[in-house]
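# sequence and predicted structure are below.
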Amino acid sequence: MALTKRQKEFLDFLAGFLEKRGYSPSYEEIAEGLSLASLATVHKHITALEAKHYIRRGFNQSRSLEIDKRYYEEQRQNRQPAMGMEVPLLGRIAAGSPVESLAGNDTLSFADYTGDPNTYALQVRGESMIEDHICDGDYVLVEKATEARDGDIVVALVDGRETTLKRFYLEPGDQVRLQPANSTMNPIYVSRASLGIQGKVLAVLRKY
């Protein structure tokens with residue numbers, strides 16, 4: 001049976017108290033810590049969590065609450081996806097003159113991107129952004145957005161028909177310049193009314 005938000009808060013408080021103090025809280029301490037209205041409410045939560053096999057309590061004993069291993073297993077499972085979004089960051093590597101490469105304990109996390117429902121990926125086709133190091137076949141991570149500032153790399157919908165990846169610049173006369181990062185290509189000028197911003201580029205991923 002799934003936990004309610006309040007039941008999860010109850011278990012988190014209990015686990016934190018046990019870890020810090022080494023013994024379980026009294027009903028009064030639980031009520032105070034969770035801003036519950038009465039001891040009857042505390043008792044209600046305990047009974048419900050006991051029925052769901054998340055906690056155990058000794059009969060007629062004070063401070064006898066114990067958390068079942070089920071809670072800790074679920075906590076560990078919930079942390080695993082976020083941990084899987086990290087890779088070791090082992091140092092720097094030269095693309096010009098050699099630099100020192102140092103091993104360390106740092107990691108590079110992708111959880112900020114993958115955990116956000118407003119983030120999505122697109123595969124790039126064409127070479128209009130190569131001078132921004134966005135090449136044909138690359139993947140761009142995009143944050144959903146409807147507005148942009150000058151210089152942002154945006155996913156632009158033109159006339160409700162075609163999407164393109166370009167840098168966004170406002171021009172006089174309610175015009176927009178969609179600027180490619182390729183000196184062999186001309187910018188695209190469109191009216192602001194005919195342009196829809198669908199997102200802004202956050203990062204570029206390239207597979208080899």
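Alright, I've got the coordinates. Numbers count the residues shown, from 1 in each chain.

# my read is that residue 3 contacts residue 11, right?
Yes: using Cβ atoms under 8 Å, residue 3 and residue 11 qualify as a contacting pair, with a distance of 7.2 Å. C-beta here means a position set from N, CA and C on the backbone, and glycine is covered the same way.

# more neighbours: which of the two?
residue 11 (21 against 16; other Cβ atoms under 10 Å).

# per-residue pLDDT, that one?
Per-residue confidence (pLDDT) for residue 11: 91.

# same check on residue 109?
Residue 109 is assigned 64 on the pLDDT scale.

# also the one 5 residues further on?
Reading off the confidence values, residue 114 has pLDDT 66.

# same thing with residue 139?
At residue 139, pLDDT is 88.

# what does residue 134 give?
Per-residue confidence at residue 134 stands at 92 (pLDDT).

# enumerate every residue touching it.
By Cβ atoms under 8 Å, 6 or more residues apart in numbering, residue 134 lies in contact with 124, 140, 153, 165, 181, 201, 204.

# SS state for it?
Under DSSP: H, G, I helix; E, B strand; the rest coil, the three-state class of residue 134 is coil.

# re earlier: hey, what's in contact with both of residue 3 and residue 11?
By Cβ under 8 Å, 6+ apart, the residues touching both residue 3 and residue 11 are residue 54.

# just to revisit the earlier point, tabulate the contacts of residue 134 (JSON lines), appending secondary structure and distance to residue 171.
Shown next, in JSON lines, are the contacts of residue 134 (DSSP: H, G, I helix; E, B strand; the rest coil; distance: Cβ to Cβ, whole Å):
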{"residue": "124", "secondary structure": "coil", "distance to residue 171": "25"}
{"residue": "140", "secondary structure": "strand", "distance to residue 171": "24"}
{"residue": "153", "secondary structure": "strand", "distance to residue 171": "17"}
{"residue": "165", "secondary structure": "strand", "distance to residue 171": "19"}
{"residue": "181", "secondary structure": "coil", "distance to residue 171": "18"}
{"residue": "201", "secondary structure": "strand", "distance to residue 171": "21"}
{"residue": "204", "secondary structure": "strand", "distance to residue 171": "26"}
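
# tell me which stretches of this structure form strands.
All strands of the chain, identified by DSSP state E, fall at 55-56, 66-67, 86-88, 107-109, 119-123, 139-144, 153-158, 162-171, 175-179, 188-191, 195-205.

# out of those strands, deepest packed?
strand 153-158 (a mean of 21; mean count of other Cβ atoms under 10 Å).

# which other residues reach the longest helix seen in the chain?
Longest helix in the chain, counting residues (DSSP state H): helix 5-21. Contact partners of helix 5-21, identified using Cβ under 8 Å, 6+ apart, comprise 3, 24-25, 29-30, 33-34, 45, 48-49, 52, 54-55, 65, 67, 71-72.

# I am finished for the moment; much appreciated.
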